[in-house]
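Enquirer: Model the following, please.
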Amino acid sequence: MRTAVIYNFLLESTIMASLAIVLLIPVRKFLRGKLGNRTICFAWLLVAIRLLCPLTLPNPVIHQIQTPYNYDQAHIRPIAGQVRVRLGDAIDRWHWNVLRSGCSSGKEYSEICVDPAYQLTDGLSYAMNNGRLAHWGMYVYAAGAVGTLAWFALSNARFRRRLRKSRIEPISGEMLEMYQALCGEMKAKPLPVYLADPLPGACLAGVIRPWIALPVTASPEQAEQMLRHEMWHYKARDPWWTALQLLCCVVHWFNPLVWLGAHWSRMDREMKCDENVTRGMDDAGKRAYAAVLVRSAARRAQPGLPVLATGMSMPGKKLKARVSAILSGGKRLLALSIAFAVTASLLLVCAFATTDPEAPEPEPAFYDYYANAVRLDAAKYGVPAGTKMTVADADAAIERVKAVFKSDYMRMDVSEGKWTAQMLETYPMDVLEEGYGVTCVAHGTDYIAYVRQNGVLSYVDAQFPDDWDWADEDRLPMSRVPDFDRLAAFALEAAEYIVPGIQERMEGMYFLWEEHPGGPDDVRLLRFVFRVPGEIDWEMALEYTPEIRVWSFVQGNG
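Expert: Predicted structure coming up:
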């Protein structure tokens, strides 16, 4: 899966769901009595849907936040694009601040380069541009998710083992008859119930095959209240909601608001269960039920957040809030609850509207802007392998370079140029191999190439002068480059023409970045790298405005 897909989902869901969690804070505090706990739990369900669902909907106005400096807009949506560009800007500012600080202190550039802060910022900036930072971030994210999942699994295994060790026997006699009558009254399927010791309060354990653990010290009256409470959890499918809550924490382990929301939603489900249990009770019954909660909490707290179990007891302020809600009651406003649920549902739909309908359609993936490591299958473009040739002397080297410079790829008018060539014993980039250095002086500019004796142009540097006869084609808008597969095919075919046989030797073709060096005709360049095992990387600058041509093609960092 492309890392861009994961980043789009994580950033959008994090921002939208975090806003929803923040908005739920005052709702829980001030409107609980008017809305009811059922409505608040419904709101938590909407938050979970936004956290976990990768759905996206078109938004006709979101292009207004689309940064013009974000390339690959077919894959990186506006929100993720803004985050990426702002993060890159922050890293670059940090880097240049370190450089300026070193210069202002009187350090030489060579001294600044060995400074740890400079090396760190320079490395981060480079990693941001070539996609490695995104790769590292994905590794960190995956490690955190796996670690969180392992913690949950270990916590559940320890809890279930401890709970099973404390189990004594199934309920029987009058208690069993009372339980069966209770299930009939609630129209619920009876679950296995076991007496356990030690156990602070009743709990519903398990998801697929749930069962209830009941304290052996509970009196018949207390046991009835505890069983009624846990059966309401079962009827409301709270074990599955707990599993959904843990899944949210695994996927968004890095977001503290998700963890807070998990704690709050757990309390809200308990309060919803209290509301169901005490519905129709008189004041004496509510006080008796509240007393059971208090006595359970006096022993120990409920199962922790990572555990797939519902516990009746709660410590401290949470217990106080539950008891206060039970005793005070409160009149729920049905119209307000409906209005809130409808509004929250509409906001959820809007929270998924993150796709720019004006964005270009994704092209066949021959590179990955984030991962920067998707290999190009050269054969799918049907580009024939170049013909091997040899260069016997300087004149043959000049003719070879002339053919390349005048080709449809470079389109250089060098007919009036002055050509020279000389035998070189070593390659200019310090690679030991004999060949010819060829220079063409035209338009007041030196065009340089290096030709190996096997006819391969190991170095081409063709910087076009300002008075070049540009084609009068329409300019392409920045960051809206169409037909990336066509441009990739052109780059690959040009590389094969200049370096015959490179397709057979290359390991992969990678996209580096888009740049705008300026010029009289608003030149735009795409830089590609060809990885060939055993050779220095080849780098091509491909011009695509106003027409497609090779700007330069060199080995090493060009």
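Enquirer: only C-alpha atoms for contact and neighbour calcs from this point on.
Expert: OK.
Enquirer: pull the helix or strand with minimum mean pLDDT from the chain.
Expert: The least trusted helix or strand in the chain, going by mean pLDDT, DSSP states H and E, turns out to be strand 457-461, with a mean of 62.
Enquirer: Mind listing residues that contact the strand or helix carrying residue 231?
Expert: According to DSSP states H and E, residue 231 maps onto helix 220-235. Residues outside helix 220-235 that contact it (C-alpha atoms under 8 Å, 6 or more residues apart in numbering) are 175, 178-179, 182-183, 188, 201-204, 212, 214, 239, 273-274, 276-277, 289, 292, 310, 312.
Enquirer: Can you check what angle separates the helix or strand just after it from helix 220-235?
Expert: With elements assigned by DSSP H and E, the helix or strand that comes after helix 220-235 is helix 238-251. Using axes from the mean of the first three to the mean of the last three C-alpha atoms, to 10 degrees, the inter-axis angle of helix 238-251 relative to helix 220-235 is 60 degrees.
Enquirer: Take the contacts of helix 220-235 and keep only those in helices.
Expert: 175, 178-179, 182-183, 239, 273-274, 276-277, 289, 292 (DSSP state H).
Enquirer: which one among those residues gets closest to residue 531?
Expert: Closest approach to residue 531 among the ones in helices among the contacts of helix 220-235 (C-alpha to C-alpha): residue 239, at 52.4 Å.
Enquirer: measure residue 209 to residue 191 for me?
Expert: Relative to residue 191, residue 209 is positioned 9 Å away (criterion: C-alpha to C-alpha, to the nearest Å).
Enquirer: Give me the more crowded residue out of the two.
Expert: Counted by other C-alpha atoms under 10 Å, residue 209 and residue 191 do not tie: residue 191 has more neighbours, with 16 against 8.
Enquirer: My understanding was that the more buried one contacts residue 213; is that so?
Expert: No. Judged on C-alpha atoms under 8 Å, residue 191 makes no contact with residue 213 at a distance of 10.4 Å.
Enquirer: Retrieve the pLDDT associated with the nearest residue to residue 159 once chain neighbours are set aside.
Expert: Spatial nearest neighbour of residue 159, chain neighbours left out: residue 307 (7.2 Å); criterion: C-alpha to C-alpha, 6 or more residues apart in numbering. Residue 307 is assigned 71 on the pLDDT scale.
Enquirer: Tell me the helix or strand right after the longest helix seen in the chain.
Expert: Counting residues, the longest helix in the chain under DSSP H turns out to be helix 132-166. Heading C-terminal from helix 132-166, the first helix or strand you meet, by DSSP H and E, is strand 167-170.
Enquirer: Within its sheet, name the partner strands of that next one and how each one runs.
Expert: Strand 167-170 has its sheet partners listed here by DSSP bridges as strand 193-196 (antiparallel).
Enquirer: Tabulate the CA atom coordinates of the partner strand in CSV.
Expert: Output of strand 193-196 as CSV, limited to C-alpha atoms (Å, rounded to 0.1, in the frame of the first residue of the first chain):
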residue,chain,number,x,y,z
VAL,A,193,-22.4,-16.7,35.7
TYR,A,194,-19.7,-17.8,38.0
LEU,A,195,-18.9,-16.9,41.6
ALA,A,196,-15.4,-15.6,42.1
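Enquirer: Mind listing the residues bridging to residue 509?
Expert: Going by DSSP bridges, residue 509 forms beta bridges with residue 530.
Enquirer: right, and it touches residue 531 too?
Expert: Yes. Counting by C-alpha under 8 Å, residue 509 touches residue 531, with 6.3 Å between them.
Enquirer: More neighbours: which of the two?
Expert: More crowded of residue 509 and residue 531, by other C-alpha under 10 Å: residue 509, with 26 against 19.
Enquirer: In the stretch 51-200 of the chain, where is pLDDT below threshold?
Expert: For the stretch 51-200 of the chain, the stretches flagged by pLDDT under 70 are 68-74, 129-131.
Enquirer: do the same with the stretch 401-550 of the chain
Expert: Within the stretch 401-550 of the chain, the stretches with pLDDT under 70 are 407-412, 425-434, 453-486, 508, 510-511, 516-524, 545-547.
Enquirer: Would you state the helices of it in chain order?
Expert: 484-498, 502-505 (DSSP state H, counting those that start in this stretch).
Enquirer: want to try TSV for these, with distance to residue 60 and mean neighbour count as columns?
Expert: Compiled in TSV, those are given as follows (distance: least, C-alpha to C-alpha, whole Å; neighbours: other C-alpha atoms under 10 Å):
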stretch	distance to residue 60	mean neighbour count
helix 484-498	25	21
helix 502-505	43	18
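Enquirer: before we move on, the earlier item: if I pick the residue nearest to residue 159, what's in contact with it?
Expert: Each residue near residue 307 by C-alpha under 8 Å, 6+ apart is listed here: 152, 155-156, 159.
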